[in-house]
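Undergrad: sequence first, then the predicted structure, then my questions.
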Amino acid sequence: MNPARKPAIALQPVVDPAGWSKDDLARDKSWAHELTAAEIADLDRAVGEVERKGITLLDLKRTDFALPVLGPTLDKLREEVIEGRGLTLIRGVPVHRYTREQSGIAYFGVGTWFGEPVSQNGKGHLLGHVKDLGNTSFADPKNRGYQTHDKLPFHSDSCDVVGLLCLHHSQSGGESTVVSTVKICNEMLKARPDLVAELTKPIWRDRRGEIPEGAQPYYQIPVFSFEQGYFTCNWQGGYIRSAQRFEELPRHSPAMLEALDMFTQMARDYCYSMDFRQGDIQLLHNHVTVHSRTEYVDFPEPEKKRHLLRLWLATPGGRPLSSAFMNRYGKAMLGKRPAGGVIVPGMKFKAPLEAE
């Protein structure tokens, strides 16, 4: 356990290095790293080696992506993500001169230094794409916010760590915002401990059509959990509210609605904003942060449209998770630490190089 962390107890202030404020991140940028020329050369060499050996993204493992120069830096940044503040930003991946396949190899390879890729959707995507495909109606359970240009609500993804690599930035907008959920919990405790108690109860979530074998189209998990002295937050405000479309589920109480509104407002109040530049990799620890994105406007040229590659990563041996997390992943995860990801019947893993 990080010496800056104290054992977390429900309904008591959480002392954790992930409990930062936006002023903390602005003042101390040690969580971000600009690649050096030597590190970029090391990345180029590793990408070339994977190409030479003909290793596919689905088969790519950390042992295939040796980085003697960049590796020690990635190890420190992984520690920052998993045991520290819960985020990092790596700048300078030379995607401007990489082919799409080379960008995928570089990103996937770096990702293996942080965790093991898991499926991001019912299509089995291990390499995902954040790009406007025109799917704008959240009322349709098949649609996903990452396939629109709309503002996204604050959320955490169903994995330990989520990563994004910017291939092309937008013409305007599209800022990434991230907030410490340790900070939100502690501020809520000061003002309304009764509402924190509401968020420690199991809360129904909408699976939005991605249903594991033998599971229901919804599941329960608290927003705030405490396991083996560790705090964990799992926030999907949109999916919590959309679960109310199922008539058989209980209606939210006035106290629960007030708690959901307060969490949402505090996320807006305490978030830190950063712009995405071409070649940026952002990695966030979902159990201690939530993130969102502002609405954006694309360049008119199709080849310049905002396009990010995405990874969902499992971190075996990571932060202890309560048994409630098993409800998210279905029978496939029973008996093991939840790794995250979406597993549905008949799904096959894929790593497409274009959005679909």
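TA: Received the coordinates, thanks. If you're wondering where the values come from, they're calculated on a predicted model, not measured in any experiment.
Undergrad: every contact and neighbour count from this point should use C-alpha atoms.
TA: OK.
Undergrad: residues contacting Pro294?
TA: For the record, residue 294 is Thr, not Pro. Going by Cα atoms under 8 Å, 6 or more residues apart in numbering, Thr294 touches 150-152, 173-177.
Undergrad: ignore the last one, Ala66
TA: Counting by Cα under 8 Å, 6+ apart, Ala66 has contacts Ala46.
Undergrad: ok, Asp42 next?
TA: Residues near Asp42 by Cα under 8 Å, 6+ apart: 67-70.
Undergrad: distance of it from Gly174?
TA: Applying Cα to Cα, to the nearest Å, the value for Asp42 to Gly174 is 30 Å.
Undergrad: could you do Asp64 as well?
TA: The gap separating Asp64 from Gly174 is 34 Å, by Cα to Cα.
Undergrad: of those two, who's got more company?
TA: Gly174 (23 against 16; other Cα atoms under 10 Å).
Undergrad: before we move on, the earlier item: who wins on neighbours among the contacts of Thr294?
TA: Busiest of those [other Cα under 10 Å] is Gly174, holding 23 neighbours.
Undergrad: isn't that one right next to Asp275, touching?
TA: Yes: using Cα atoms under 8 Å, Gly174 is in contact with Asp275, at 7.4 Å.
Undergrad: hmm, back to that, just name the closest of the contacts of Thr294 to Gly122, please.
TA: Comparing these against Gly122 with Cα to Cα places Leu152 closest, at 20.1 Å.
Undergrad: residues touching Ala267, list them.
TA: Taking Cα under 8 Å, 6+ apart, one finds 154, 179, 184, 290 in contact with Ala267.
Undergrad: again, 10 Å this time
TA: Ala267 sits next to 153-155, 177-181, 183-184, 261, 289-292 when contact means Cα atoms under 10 Å, 6 or more residues apart in numbering.
Undergrad: related to what we said a few turns ago, would TSV of the contacts of Asp42 with secondary structure, neighbour count and pLDDT be doable?
TA: Below are the contacts of Asp42 laid out as TSV (DSSP: H, G, I helix; E, B strand; the rest coil; neighbours: other Cα atoms under 10 Å; pLDDT from 0 to 100):
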residue	secondary structure	neighbour count	pLDDT
Leu67	coil	22	98
Pro68	coil	12	98
Val69	coil	15	98
Leu70	coil	18	98
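Undergrad: between the contacts of Ala267, which is nearest Gln228?
TA: Nearest member of the contacts of Ala267 to Gln228, counting by Cα to Cα, is Thr181, at 18.1 Å.
Undergrad: gap between the closest one and Asn327?
TA: 21 Å.
Undergrad: ok, those two, which is more surrounded?
TA: More crowded of Thr181 and Asn327, by other Cα under 10 Å: Thr181, with 31 against 17.
Undergrad: how about that one, phi and psi?
TA: phi -80, psi -20 (degrees, to the nearest 10).
Undergrad: Arg310 belongs to a strand?
TA: Yes: assigned with DSSP: H, G, I helix; E, B strand; the rest coil, Arg310 falls within a strand.
Undergrad: can you give me the strands for the stretch 1-150 of the chain?
TA: 32-34, 87-91, 116-117, 128-130 (DSSP state E, counting those that start in this stretch).
Undergrad: quick one: closest of those strands to Gly214.
TA: strand 116-117 (23.9 Å).
Undergrad: packing partners for the closest one?
TA: helix 100-112, strand 161-168, strand 307-314 (3 or more Cα pairs under 10 Å, 6 or more residues apart in numbering; DSSP states H and E).
Undergrad: where does pLDDT dip in the stretch 101-250 of the chain?
TA: Scanning the stretch 101-250 of the chain for pLDDT under 70 picks out the ranges 135-147.
Undergrad: how about the helices in it?
TA: 181-191, 193-199, 237-242 (DSSP state H, counting those that start in this stretch).
Undergrad: which residue packs closest to Phe263, ignoring adjacent ones?
TA: Leaving aside its sequence neighbours, Phe263 sits nearest to Ile184 (Cα to Cα, 6 or more residues apart in numbering; 7.0 Å).
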